[in-house]
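Participant: I need the structure of the sequence given here:
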Amino acid sequence: LAGLGLGNQQTIVLLAPIGLVAVVRGARRAPRPWWALAAGCLGLAVGLLGPYGYDYFLCRTADAASVPIWIEARTVRGLWSHFLRSSYGTLSLASPAVAGAVDPARSLARLAARTCSDLLGLPLVLLGAPVLLVRRRWSRASWPLGALVLSAVLAGPAFTAVSNVPLGGLGAAVMRRFDLLPELLFSLLAAITLQAFIAGVTLRPLLQISICVPLTVLAAVRARPVVAESHRPDVEHYKDNFLATLPEHAIVVTSGDAEWGAFLYSRYAEHRRPDVTVIDNPLLRQGWYRQQLNERMAVSLEAGPGEQVDSKTMLSRLIATGRPVFLTRWPDSSVNATPHDSFGPLMRVWPDGAERPGLDALLEANRALFASYSLDLPAPGDRSAWGHILYERYGRAWRELADRFAEAGRQEEASACVDWAAKLTPWIVGAAQGNALAQTKCDIGDLSACAMLGENLVAGIGTSVDRARGTALLKKACGGGLDRACKELGEGTTP
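Facilitator: Predicted coordinates for the structure are as follows:
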């Protein structure tokens with residue numbers, strides 16, 4: 001089991017103290033200790049090599065076009081590199097492209113808040129553990145407990161303190177996965193501590209039930225919205241909407257596990273859209289992946305032997321194939337000015353001089369697409385969830401259309417696009433971007449938007465303080481009959 005765990009997730013090594021104590025105790029109790037140790041080492045090797053051996057033989061015997069491959073599994077060297085996580089850095093959790101600064105204080109505070117919230121404050125019981133350690137003497141029977149404590153420290157505070165995963169956005173979702181292991185260990189330690197504290201207290205069965213049942217119900221009630229949010233079908237719907245948007249033989253450059261993984265599932269499990277080529281931009285750092293794409297598409301994405309092309313060159317070479325090229329987001333800021341139009345959650349990039357659809361045609365195209373999409377509204381509220389990022393892709397098309405219609409002086413269409421953007425990405429209707437959207441709606445007579453913008457200007461929310469302009473907007477809304485604006489001005493309510 002330990003080998004299988006290491007073969008699938010290297011952080012299992014943080015449980016080594018527990019494993020070593022178990023091995024030593026098992027060997028001591030075995031009739032032939034050395035035979036027991038040898039059998040344990042053999043089992044560890046078999047469990048560890050099993051997944052890698054399967055990957056190796058599968059990739060050596062299967063056609064790359066029919067098997068999803070996202071690691072270099074055709075060579076022993078490639079498998080060893082994958083085990084060492086060479087593209088990330090063996091002791092680094094995030095890749096160099098997205099790594100943030102190591103901030104132990106902030107990371108530990110996040111872990112403490114997360115575990116206390118998830119476990120109803122149970123880890124706080126561990127604050128009493130030093131009292132127990134003083135009261136009981138260390139003995140051979142204490143080694144398993146010591147190993148459990150050391151594993152909890154390694155998997156929790158020590159691991160978190162050196163993490164370089166950004167703590168905002170999807171980084172929070174990534175770290176949430178790694179919180180599960182220390183939470184499990186903290187739960188065991190808290191239970192042991194509680195048991196020791198109440199060992200001398202006699203509680204009647206009915207009293208025990210009256211304490212445990214409400215806590216269990218409270219935990220279930222608190223967990224329900226989290227579980228419901230985690231089981232939203234956002235990624236599944238996005239996969240279907242994503243594919244429905246694409247014309248035949250399209251090329252899509254993605255960036256993110258949700259998009260890349262969803263397409264792999266659709267392509268290889270559901271056998272849909274074999275004509276579409278999806279390129280995972282972060283994987284382009286890997287030479288084997290660039291070579292694989294070259295074989296499939298007959299286009300080189302290398303600047304030289306072993307060197308990745310820059311984003312501008314990549315897009316120009318993909319466009320030169322004559323196939324429609326789409327992006328889920330910009331690879332980097334150097335290509336942000338590339339001519340493009342958004343269709344649903346995708347941006348189509350155009351060659352220089354290409355004839356692009358007009359504003360009205362683009363508006364109708366997006367209306368038709370969104371009418372056919374499966375959307376699970378309201379939008380996800382968890383900002384660290386994949387669904388939150390995917391809904392920002394949906395909202396981008398309407399925000400861009402709103403800006404373009406506003407520039408063209410067509411405020412009615414701009415307002416309609418703003419409404420769509422607010423429905424898909426309500427968190428954007430706030431602060432600086434919200435002020436811009438509110439200005440657009442205020443210009444066409446939306447008094448609530450005028451009042452909101454006026455309040456923000458007076459208070460300096462999302463903008464610099466402009467009391468004169470803010471007061472003028474509040475007076476406009478109050479004069480139009482909006483009580484909220486009149487109260488803000490201190491003029492009572494409208495007649």
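
Participant: Counting neighbours, which bits of the helix or strand harbouring Gly470 end up buried?
Facilitator: Following DSSP states H and E, one finds Gly470 within helix 467-479. The neighbour-count criterion (16 or more other Cβ atoms under 10 Å) identifies Gly470, Leu473, Leu474, Lys475, Lys476, Ala477, Cys478 as the buried residues of helix 467-479. From N, CA and C alone the C-beta is placed, and that goes for glycine too.

Participant: Would you map the strands across this structure?
Facilitator: 251-254, 277-280, 302-304, 307-308, 325-327, 340-343, 346-349 (DSSP state E).

Participant: can you list these in a markdown table and add mean neighbour count?
Facilitator: Shown next, in a markdown table, are the strands of the chain (neighbours: other Cβ atoms under 10 Å):
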| stretch | mean neighbour count |
| --- | --- |
| strand 251-254 | 23 |
| strand 277-280 | 21 |
| strand 302-304 | 12 |
| strand 307-308 | 14 |
| strand 325-327 | 25 |
| strand 340-343 | 20 |
| strand 346-349 | 23 |
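
Participant: would you list those in CSV and tack on mean pLDDT?
Facilitator: Output for the strands of the chain, formatted as CSV (pLDDT from 0 to 100):
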stretch, mean pLDDT
strand 251-254, 92
strand 277-280, 88
strand 302-304, 77
strand 307-308, 79
strand 325-327, 93
strand 340-343, 92
strand 346-349, 92
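
Participant: Go through these and name the closest to Ala22.
Facilitator: Relative to Ala22, the nearest member of these by Cβ to Cβ is strand 277-280, separated by 39.7 Å.

Participant: tell me how far the ends of stretch 458-476 are from each other?
Facilitator: With Cα to Cα, to the nearest Å as the measure, the first residue of stretch 458-476 is 14 Å from its last.

Participant: Measure how far it is from the centre of its chain, please.
Facilitator: Going by Cα atoms, centre = their mean, to the nearest Å, the spacing between the C-alpha centre of stretch 458-476 and its chain's C-alpha centre is 36 Å.

Participant: Now that stretch: average pLDDT?
Facilitator: Taken as a whole, stretch 458-476 has an average pLDDT of 80.

Participant: What residues sit buried inside stretch 10-28?
Facilitator: For stretch 10-28, the buried set under the neighbour-count rule, 16+ other Cβ under 10 Å, comprises Ile12, Leu14, Leu15, Pro17, Ile18, Gly19, Val21, Val23, Ala27.

Participant: Spell out which residues sit in contact with the fourth one, please.
Facilitator: Pro17 is in contact with Gly146, Ala147, Leu148, Leu150, Ser151, Leu154, counting by Cβ atoms under 8 Å, 6 or more residues apart in numbering.

Participant: do you know how far it is from Val227?
Facilitator: Note on Pro17: its distance to Val227, by Cβ to Cβ, to the nearest Å, is 32 Å.

Participant: what does the last one give?
Facilitator: Ala27 sits 42 Å away from Val227, taking Cβ to Cβ as the criterion.

Participant: repeat for Pro31
Facilitator: Summarising the geometry, the distance separating Pro31 from Val227, computed by Cβ to Cβ, is 48 Å.

Participant: and those two? which has more neighbours close in?
Facilitator: Neighbour tally, Pro31 and Val227, criterion other Cβ atoms under 10 Å: the higher count belongs to Val227, 9 against 6.

Participant: Check that one and give its pLDDT.
Facilitator: Taking Val227 on its own, its pLDDT is 79.

Participant: Let me know how buried Gly322 is, in neighbour terms.
Facilitator: 9.

Participant: pLDDT weak spots in the stretch 151-300 of the chain?
Facilitator: Scanning the stretch 151-300 of the chain for pLDDT under 70 picks out the ranges 168-170, 196-205, 207-208.

Participant: what ranges do the helices span in it?
Facilitator: Counting by DSSP state H, counting those that start in this stretch, the stretch 151-300 of the chain has these helices, from start to end: 159-161, 170-197, 205-230, 234-245, 257-264, 287-297.

Participant: Mind listing what's buried along the fifth one?
Facilitator: Okay, so that is helix 257-264. Buried positions in helix 257-264, judged by neighbour count with 16+ other Cβ under 10 Å: Asp257, Ala258, Glu259, Trp260, Gly261, Ala262, Phe263, Leu264.

Participant: now the residues you listed as JSON lines including distance to Ala298?
Facilitator: Written out in JSON lines, the entries for the buried residues of helix 257-264 read as follows (distance: Cβ to Cβ, whole Å):
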{"residue": "Asp257", "distance to Ala298": "28"}
{"residue": "Ala258", "distance to Ala298": "29"}
{"residue": "Glu259", "distance to Ala298": "24"}
{"residue": "Trp260", "distance to Ala298": "22"}
{"residue": "Gly261", "distance to Ala298": "26"}
{"residue": "Ala262", "distance to Ala298": "26"}
{"residue": "Phe263", "distance to Ala298": "21"}
{"residue": "Leu264", "distance to Ala298": "22"}
